[in-house]
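>>> Here is a sequence with its predicted model. Questions after.
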Amino acid sequence: MWNFSSCVNPLLDRLPRTIDQTALQDSFLQSLEAKRLEWTNGGTTKRRRTKLTITPGKSVTEELTR
């Protein structure tokens, strides 16, 4: 049977025990700034919607062309 802790513990032992708080904060702020730039500077562009003219009482379906 596979034991998760036996695989993870050697990896965790290789990580440093003490964490530099300023480096952690700087890294976190850099990642937040990168995400903010992605969202605000055209990471996703809004597409303009086209107005559809539909007769009242009729259903709307996509016509398939073959």
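Sure thing, it's come through.

>>> So, low pLDDT: which residues of this protein?
1-2, 42-46, 63-66 (pLDDT under 70).

>>> Does residue 10 lie in a helix or a strand, and which?
For residue 10, the element it lies in under DSSP states H and E is helix 4-14.

>>> List the buried residues in that helix.
Counting neighbours by 16 or more other C-beta atoms under 10 Å, one finds that helix 4-14 has no buried residues. Any C-beta I mention is one placed from the backbone N, CA and C, and that applies to glycine too.

>>> How far away from the center of its chain is that helix?
With C-alpha atoms, centre = their mean, to the nearest Å as the basis, helix 4-14 stands 28 Å off its chain's centre.

>>> Just the CA atoms of that helix, as PDB, please.
In PDB, the C-alpha atoms belonging to helix 4-14 read as follows (Å, rounded to 0.1, in the frame of the first residue of the first chain):
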ATOM      1  CA  PHE A   4       1.900   9.400   1.400                       C
ATOM      2  CA  SER A   5       4.000  10.500   4.400                       C
ATOM      3  CA  SER A   6       6.900   8.400   3.400                       C
ATOM      4  CA  CYS A   7       7.100  10.200   0.100                       C
ATOM      5  CA  VAL A   8       6.500  13.700   1.400                       C
ATOM      6  CA  ASN A   9       8.700  13.700   4.500                       C
ATOM      7  CA  PRO A  10      12.000  13.600   2.600                       C
ATOM      8  CA  LEU A  11      10.800  16.500   0.500                       C
ATOM      9  CA  LEU A  12       9.800  18.500   3.500                       C
ATOM     10  CA  ASP A  13      13.100  17.800   5.200                       C
ATOM     11  CA  ARG A  14      14.900  19.500   2.300                       C
END
